[in-house]
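**Q** just a sequence and a predicted model for now, questions to come.
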Amino acid sequence: MYRSSKDYYRILGVSARASDEEIKAAFKRLAVRYHPDKNVGEAGWAREKFKEISEAYAVLGNRVKRQEYDRARWVSFAGCHATNASGQSCSEERVFWDALASRHFCQELASMLQDAGLRSDEAFVNDVLSGGNGFQVGFS
């Protein structure tokens, strides 16, 4: 399971809905750009950047690892893992409410809505999720 705070999609500069071909193309473009041999004056920095890009592609470029990573991302957005700090399992309701209270989840939701060309401002999302009943989702 992936418990890394790294956003592999951001590292490769692709959307979470990117196709396998888009991920592969992004990796190739970045690998050429940041390869240590192409950055002789900054080889140490380039080597670290190249490792980060390679790590992201090793996960996102593998269908099974990508699915596991995506599941782990959503769980971490919700702020809940399989068990909480006291060792008790989280309920679906708890995961839902923790997700809505999570800044990361709300940012990802806004990004997904924008990617789809849909309205995604904070007031709209609050109206949709709470029906104007006072529940507020935090984007910041």
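**A** Thanks, I have it. Everything numeric here is computed off the predicted structure, so don't read it as measured data.
**Q** what about this structure, any weak spots by pLDDT?
**A** Segments of the chain classed as low confidence (criterion: pLDDT under 70) are 1-5, 75-106, 120, 122-123, 125-140.
**Q** can you give me the domain boundaries for it?
**A** 1-77, 86-140 (automatic domain parsing).
**Q** pull the number of nearby residues for residue 31.
**A** Residues near residue 31, counting by other CB atoms under 10 Å, number 15. Yep, even glycine has a C-beta here, placed from its N, CA and C like the rest.
**Q** try residue 16
**A** By other CB under 10 Å, neighbour count at residue 16 equals 17.
**Q** list the contacts of the closest residue to it other than its chain neighbours.
**A** What sits nearest to residue 16 in space, not counting adjacent residues and going by CB to CB, 6 or more residues apart in numbering, is residue 9, at 5.1 Å. The contact partners of residue 9, by CB atoms under 8 Å, 6 or more residues apart in numbering, come to 15, 16, 18, 56, 60.
**Q** please determine how far residue 39 is located from residue 107.
**A** When distance is defined by CB to CB, to the nearest Å, residue 39 is 31 Å away from residue 107.
**Q** scratch that, residue 70
**A** As judged by CB to CB, residue 70 and residue 107 stand 16 Å apart.
**Q** please apply the same query to residue 62.
**A** Residue 62 is 26 Å from residue 107, where distance means CB to CB.
**Q** before we move on, what about residue 113?
**A** Relative to residue 107, residue 113 is positioned 11 Å away (CB to CB).
**Q** list the contacts of the longest helix along the chain.
**A** Once the chain is assigned using DSSP state H, the helix that runs over the most residues is helix 43-60. Identification of contacts with helix 43-60 by CB under 8 Å, 6+ apart yields 2, 6, 8-9, 11-12, 14, 18, 23-24, 27, 30-31, 34-36, 38-39, 65-66, 69.
**Q** can you tell me which of those are buried?
**A** In terms of neighbour count (16 or more other CB atoms under 10 Å), the buried residues within the contacts of helix 43-60 are 2, 8-9, 11-12, 14, 18, 23, 27, 30, 34, 36, 39, 66, 69.
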